[in-house]
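> Mind folding the following:
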Amino acid sequence: MTEPTPLPLRLPPPTGGRVDLLVIAGEHSGDEHAARMVAGLLAREPGLAVAALGGPRLAAAGAQLLRDLTLSSAIGPGEVLRKLSFFRALIAETVRWIGEHRPRAVCFVDSSTLNLRIAKALFGRGYSAKAGGPTKTLYYISPQIWASRAGRRFAMARHLDGLAAIFPFEPGVYADTGLPVEFVGHPFAAADYQPPVRYDPAGPVLLLPGSRTASVARIFPILLAAYRAWGGDRGAVVLYPSEGIRAVLERFPLPAQVVLRRTGGPDGPFAAAAVLTTSGTMSMHCALAGIPGAVTYRADPLFYLLGRLLVKVKYIGIANLLLGEAMYPEYIQGEATPAALAAELRACISDPARRERTLAQAVRLRALLGRSEGESAADWIWRQVCR
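Numbering: from 1, shown residues only. Have a look, this model is predicted:
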């Protein structure tokens, strides 16, 4: 993995000397979602000047990439603590850049640990519209305040001008704050979306250890051991989002029938008969594709204990939360054993009832996440920036 640039950190000026919209997306999934939004915005308004702190997909969508945040990736609480000086410098420089170049709007995408701090700093410096400044502060893809630290919503209402939600229940979560929140549909449910995976009952097994370095190092050995314990007659594909994560995967001896493939590469979408996955973005791709499987999660013990105090939901998998049932059985911390996960693989591949139930749940999930009326994310950001 590429390390953060040594301090001091300095962002380049906007191309052409002006910027209409700055997008800040700290992780691979945010880069992907933000890129679709920006591509739609620029198709509608080609003359807009868009800059980004994000990744290669935002650059490909037409944004000027000021810095690739996906190289340091995984902007969660643990990562921020380990690289505190870098993230302090990043926040300070981003706020300085916004104050100097005065975009019409900043759109934060997911990555709440980073983005909510920037929003607060912009308010404190008087740069944001909420503080009387020239720049609207917007948010796309809400932090999971419905799972933990719900009180954050009131600070968000003080610092933000609007939020676009991707889950249909989220506007109601903010109903007592005065923050304008609109459901714009989940990007994976869009009609033109090309998923990275698909269901094939004759396909291989998918092993998805995630996109955060420390988590991958904890989870991947368990997934490999589960695959070996299953003892089936088909191979496995391990999908990874970046070369940094591939480097972590290559630390572990791989059986000959296990291959590594980069997500979004020319070989996709990847067919699979079953999946063992972490609880992140890829689990939603697999659920919508109707691939039967199980969710597993192992965190640093201290952060897990702290998380148990904060998180107040029944499931960690978002598909399970939306459906109100365990589409993907969850194996957390000590329950995530090779034997338990191997048993899940056997059921996913050998039990017709399990496969049929998963496919029916996928249909329900797509219906929940689709946008039956109202604006898309691109429509929403166009209205916020151009009106």
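
> How far away from the center of its chain is stretch 109-127?
On the basis of Cα atoms, centre = their mean, to the nearest Å, the separation between the geometric centre of stretch 109-127 and that of its chain is 18 Å.

> For that stretch, could you pull out the residues that count as buried?
Applying a neighbour-count criterion of 16 or more other Cβ atoms under 10 Å, one finds 109-123, 127 buried in stretch 109-127. Where C-beta positions appear, they are placed from N, C-alpha and C, glycine not excepted.

> hang on, residue 170 packs against residue 181?
Yes: contact status for residue 170 versus residue 181: in contact at 6.5 Å, counting by Cβ atoms under 8 Å.

> what two of the buried residues of stretch 109-127 have the greatest distance between them?
Spatially, the most separated pair among the buried residues of stretch 109-127 is 110 and 127, at 21.6 Å (Cβ to Cβ).

> what's the burial count for residue 357?
A total of 15 residues lie near residue 357 under the criterion other Cβ atoms under 10 Å.

> what secondary structure does it sit in?
Put simply, residue 357 is helix when judged by DSSP: H, G, I helix; E, B strand; the rest coil.

> which ones are touching it?
With contact set as Cβ atoms under 8 Å, 6 or more residues apart in numbering, residue 357 has no partners.

> how much space between it and residue 280?
From residue 357 over to residue 280 the distance is 23 Å, taken as Cβ to Cβ, to the nearest Å.

> Kindly report the same for residue 116.
With distances defined as Cβ to Cβ, the gap from residue 116 to residue 280 amounts to 20 Å.

> Could you check which helix or strand contains residue 107?
Per DSSP states H and E, residue 107 falls inside strand 105-109.

> Can you list the neighbours in contact with that strand?
Residues external to strand 105-109 that are found in contact with it (Cβ under 8 Å, 6+ apart): 20-26, 30, 33-34, 37, 54, 98, 115-116, 118-119, 122, 128, 135-141, 381, 384-385.

> rerun at 7 Å
Surrounding strand 105-109, the residues in contact under the criterion Cβ atoms under 7 Å, 6 or more residues apart in numbering are 21-25, 30, 33-34, 98, 115, 118-119, 135-141, 381, 384-385.

> go on, stretch 265-273?
When contacts are defined by Cβ under 7 Å, 6+ apart, stretch 265-273 is touched by residues 195-206, 237, 239, 261, 291, 349.

> Quick check, residue 42 in contact with residue 48.
Yes: taking Cβ atoms under 7 Å as the definition, residue 42 is a contact partner of residue 48 at 6.3 Å.

> Helices along the stretch 251-387 of the chain, start to end?
281-289, 301-310, 318-323, 338-350, 352-369, 377-386 (DSSP state H, counting those that start in this stretch).

> Which of those sits closest to residue 233?
For the helices of the stretch 251-387 of the chain, distance to residue 233 was read as Cβ to Cβ. The smallest value, 9.8 Å, belongs to helix 338-350.

> surely residue 143 meets residue 151?
No: using Cβ under 7 Å, residue 143 is not in contact with residue 151, being 11.6 Å away.

> who has more neighbours, the two?
With other Cβ under 10 Å as the criterion, residue 143 and residue 151 differ in neighbour count, and residue 143 comes out ahead with 20 against 8.

> Assumed that one was part of a helix.
No: counting by three-state DSSP, residue 143 is not found in a helix; it is coil.

> State the pLDDT value of residue 356.
Each residue has a pLDDT score; the one for residue 356 is 97.

> same question, the one 5 residues further on
pLDDT, residue 361: 98.

> now the helices: where do they sit in the stretch 101-250 of the chain?
Taking DSSP H, counting those that start in this stretch, the helices of the stretch 101-250 of the chain run over residues 112-124, 152-159, 170-173, 213-230, 243-249.

> so which of these gets nearest residue 62?
Evaluated with Cβ to Cβ, the helices of the stretch 101-250 of the chain place helix 112-124 nearest to residue 62, the distance being 21.4 Å.

> how about the CA coordinates for the closest one, as CSV?
Taking only C-alpha atoms (Å, rounded to 0.1, in the frame of the first residue of the first chain), the coordinates of helix 112-124 have been written out as CSV:
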residue,chain,number,x,y,z
SER,A,112,-17.9,10.0,8.1
THR,A,113,-14.9,9.9,10.3
LEU,A,114,-13.1,12.2,7.9
ASN,A,115,-15.9,14.1,6.3
LEU,A,116,-17.9,15.2,9.4
ARG,A,117,-14.7,16.7,10.8
ILE,A,118,-14.1,18.7,7.6
ALA,A,119,-17.8,19.9,7.7
LYS,A,120,-17.4,21.0,11.3
ALA,A,121,-14.1,22.9,10.5
LEU,A,122,-15.7,24.6,7.5
PHE,A,123,-18.5,25.8,9.7
GLY,A,124,-16.1,27.0,12.4
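
> Good, we can wrap up now.
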